[in-house]
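>>> Compute the structure for the input listed below.
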Amino acid sequence: MKLSAILHHLEQLAPLATAEAWDNVGLLLGDRSADVSKIMTCLTLTPDVAKEAVSDGAQLVVTHHPLLFKAVQCITTETVEGRTLWNLARAGVAVYCPHTAWDNAPDGINQGLARLFGLNEIQPMRPFGHGGDSTQGAGRWGTLPQPMTLAELAGEVGRKLGSPRLEFVGDPTRSISRLAIACGSAAEFWKDARRCGCDALLTGETRFHGALEARDADFPILLAGHYATERPGMEYLARLLTAAFPDVETWASRVERDPLQSA
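From the prediction side, this is the model:
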């Protein structure tokens, strides 16, 4: 299978035009005319994940978080990022990043999280196009199957995402009916969530002062962890690619782990 055909499919799933303006998405390394027989997805292309891609013979890595996020003037083995790119290039491994385009996609990460929690009448918090019912947009919100307290919801989120470090801001007895979701590091979406009439926001992480701001505004936020809110979406993307290209071996990185551990 040609890399160009796989990239076309990825861009249909998550149109790059819907990525945030500050993002670095698309083909970051590689030759569109190359042949691909193995694909690996991951959340972050760390050195150990890159080593897995090379040793297991992947010709394409689809990473959620982009390498080369900031402009660079040289690529050498003297930096971790440079060494990772150099080793991938030498092995002929292409790198593609959908990042916020996949967050925002109709079947992307935030939509998947909304389905996981059984939300009804799911809509984007920041819709693209006209009207509030667009299938594309940043974040998601909807109504829980039944109201629950913030503490009960925190327990449910922890169980479903396997998050050992779930934290929250707000009164544990607060009743939550409408839930907003923004994966990764997106606590600033609490204002959008409030505008949509939501009772709480689920995200991955926030700065300390972001938590203070939400607390002072009396708006609950649940923090499930960056890895926990985004890694499942890359596992799902691997399954979608397997279905679309059954002759191409596709897997989500087997060595990738959350860098944060609990005592």
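
>>> Tell me, how many residues neighbour Asn24?
Neighbour count of Asn24, defined by other Cβ atoms under 10 Å: 16. The C-beta positions use only the backbone N, C-alpha and C, and glycine is treated the same way.

>>> Could you pull up the residues touching it?
In this structure, Asn24 makes contact with 66, 68-69, 97, 99, judged by Cβ atoms under 8 Å, 6 or more residues apart in numbering.

>>> Looking at those, which two lie furthest apart in space?
Comparing all pairs in the contacts of Asn24 by Cβ to Cβ, the longest separation belongs to Leu68 and His99, at 11.8 Å.

>>> The two - which one has more neighbours?
Taking Leu68 and His99 together and counting by other Cβ under 10 Å, His99 has the greater number of neighbours (23 against 15).

>>> per-residue confidence for the more buried one?
The per-residue pLDDT reported for His99 equals 97.

>>> On the pLDDT front, check Thr84 for me.
We have a pLDDT of 93 for Thr84.

>>> go on, Arg140?
The per-residue pLDDT reported for Arg140 equals 97.

>>> any idea how far it is from Ala154?
Note on Arg140: its distance to Ala154, by Cβ to Cβ, to the nearest Å, is 19 Å.

>>> Those two: who's more crowded?
Set side by side, Arg140 and Ala154 show more neighbours around Arg140, with 29 against 24, by other Cβ under 10 Å.

>>> neighbours of the residue nearest to Leu29 when sequence neighbours are not counted, just the number please.
Of all residues not flanking Leu29 in the chain, Val95 sits nearest, at 4.1 Å (Cβ to Cβ, 6 or more residues apart in numbering). If you count neighbours by other Cβ under 10 Å, Val95 ends up with 22.

>>> helix, strand or coil for Val95?
When classified by DSSP: H, G, I helix; E, B strand; the rest coil, Val95 comes out as strand.

>>> wait, isn't it in contact with Asn87?
No - counting by Cβ atoms under 8 Å, Asn87 is not a contact partner of Val95; they are 11.5 Å apart.

>>> For this structure, just list every one of the strands.
The residue ranges that make up the strands of the chain, judged by DSSP state E, are 26-29, 38-44, 60-65, 94-97, 120-123, 126-127, 137-138, 140-149, 167-169, 175-182, 200-203, 221-223, 249-252.

>>> distance between stretch 158-173 and the chain's centre?
Once both centres are worked out by Cα atoms, centre = their mean, to the nearest Å, stretch 158-173 turns out to sit 19 Å from its chain's centre.

>>> now do the same end-to-end measure for that stretch.
End-to-end span of stretch 158-173 (Cα to Cα, to the nearest Å): 17 Å.

>>> picking that back up, any idea how far Thr229 is from the residue nearest to Leu29?
Separation of Val95 from Thr229 (Cβ to Cβ): 22 Å.
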